[in-house]
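> What would the 3D arrangement of this be:
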Amino acid sequence: MNKILIVEDEMSIRGFLKINFERNDFIVIEAESGEEGIRKANLEKPVIAILDVMLPGIDGFKVCEVLRKDFPSMGIIMLTARSQDMDKIMGLEFGADDYMVKPFNPSELILRVKALLRRMDSSQNEKEDAIYSEPFKIDTYAQKVYKDSKEIDVTPKEYMLMKIFAENEGKAFSRDELLDLVWGYDFVGDSKIVDVNIRRLRAKIENDPSNPTYIETVWGRGYRWRKS
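Numbering: from 1, shown residues only. Predicted coordinates:
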């Protein structure tokens, strides 16, 4: 059974989600504050964390940032009561894999969690191998990225983007193509998630992120990895 952490200060929402996830064979860990969420994540090691943005104490963005640093392979979904793009973008900037705006259908949230688990399982079952695109090495067994033999700390989505790009040097991908390849055909969120992750990845791998030389922007289409 998969273990899921729900960090939500509203008891009624937390309890409702707990019942629905347990009916779908999840082990549910509950927390009502950001600090308690981080503590229970370190104790229980859940596979997925669902974080409300507005929490007492430290907010969901900070919790997301801490969990992403401590558990790079954990799946993280943010819950926000506001529909503003800024909330969504901030969550993605801090390393979230997905987001949902309240009020939401719990069945849709469960479907998104299951889709995220399938993508995580798929990437973890890759054969031992490595992809090279100088000066980068993508270790597909350990799911790690190296530049000039020095490891770069990437999230699961950033790793998948690096792998796709390195396997297809010079190929231009549209945002929709990257959305399907990395987030899956069943992802129903905003395509801005692609741009946010590209920007975050550039900050980690480019010598000058404001003038990228590895991940090139293809105006009117999307992005491509420069040919070695």
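> ok, how many other residues are close to the closest residue to N197 other than its chain neighbours?
Spatially, and ignoring its direct neighbours in sequence, N197 is nearest to K157 (5.4 Å; Cβ to Cβ, 6 or more residues apart in numbering). Every C-beta, even on glycine, is put in place using the N, C-alpha and C of the backbone. By other Cβ atoms under 10 Å, the residues close to K157 number 24.
> again with M74
Other residues close to M74 by other Cβ under 10 Å number 21.
> What residue spans form the domains of this protein?
The chain breaks down by automatic domain parsing into domains covering 2-123, 127-225.
> quick revisit: the residue nearest to N197 is in contact with V196, isn't it?
No: judged on Cβ atoms under 8 Å, K157 makes no contact with V196 at a distance of 9.7 Å.
> which one of the domains of the chain is the most hemmed in?
Compared across the domains of the chain, domain 2-123 shows the largest average neighbour count, a mean of 18 (mean count of other Cβ atoms under 10 Å).
> could you give the mean pLDDT of that domain?
Domain 2-123 carries an average pLDDT of 88.
> which one is L201 nearest to, not counting chain neighbours?
E158 (4.7 Å).
> Ramachandran coordinates for the one you found?
phi -60, psi -40 (degrees, to the nearest 10).
> Which residue ranges of this structure form strands?
According to DSSP state E, the chain carries its strands in the segments 2-7, 26-31, 48-52, 75-80, 98-101, 130-133, 136-139, 144-147, 150-152, 172-174, 215-218, 222-225.
> longest single helix anywhere in this protein?
helix 106-124 (DSSP state H).
> Next, the contact list for Y214, please.
136, 202, 205-206, 225-226 (Cβ atoms under 8 Å, 6 or more residues apart in numbering).
> could you redo the last one with a cut-off of 10 Å?
Y214 makes contacts with 133, 135-136, 147, 162, 165-166, 201-202, 205-207, 225-226, as judged by Cβ atoms under 10 Å, 6 or more residues apart in numbering.
> again with K147
Here K147 is in contact with 134-137, 204-207, 214 (criterion: Cβ under 10 Å, 6+ apart).
> any idea which of those is the one closest to A96?
Using Cβ to Cβ, K204 is the member of the contacts of K147 that lies nearest A96, at 16.7 Å.
> Can you tell me, leaving aside adjacent residues, what's nearest to the closest one?
Nearest to K204 is I152, by Cβ to Cβ, 6+ apart, at 5.4 Å.
> does that neighbour have beta-bridge partners, and which?
V145 (DSSP bridges).
> tell me the centre residue of this structure?
Closest to where the C-alpha atoms of the chain average out (Cα atoms, centre = their mean) is D97, at 2.6 Å.
> you'd agree that residue is up against M74?
Yes: counting by Cβ atoms under 10 Å, D97 does reach M74; the two are 8.9 Å apart.
> anything in contact with each of these two?
In contact with both D97 and M74: 48-49, 64, 68, 120, 155-156, using Cβ under 10 Å, 6+ apart.
> pretty sure I215 is in contact with V194, am I right?
No: using Cβ under 10 Å, I215 makes no contact with V194, being 11.4 Å away.
> Common neighbours of the two, please.
Joint contacts of I215 and V194 (Cβ under 10 Å, 6+ apart) are 161, 223.
> Can you name the residues that contact N105?
Taking Cβ under 10 Å, 6+ apart as the test, what N105 contacts is L111.
> F104 too?
13, 79-80, 112.
> If we only consider the residues you listed, which is nearest to V101?
T80 (5.7 Å).
> related to what we said a few turns ago, grab the two from the contacts of F104 that are most spread out in space.
I13 and R112, at 16.1 Å, using Cβ to Cβ across these.
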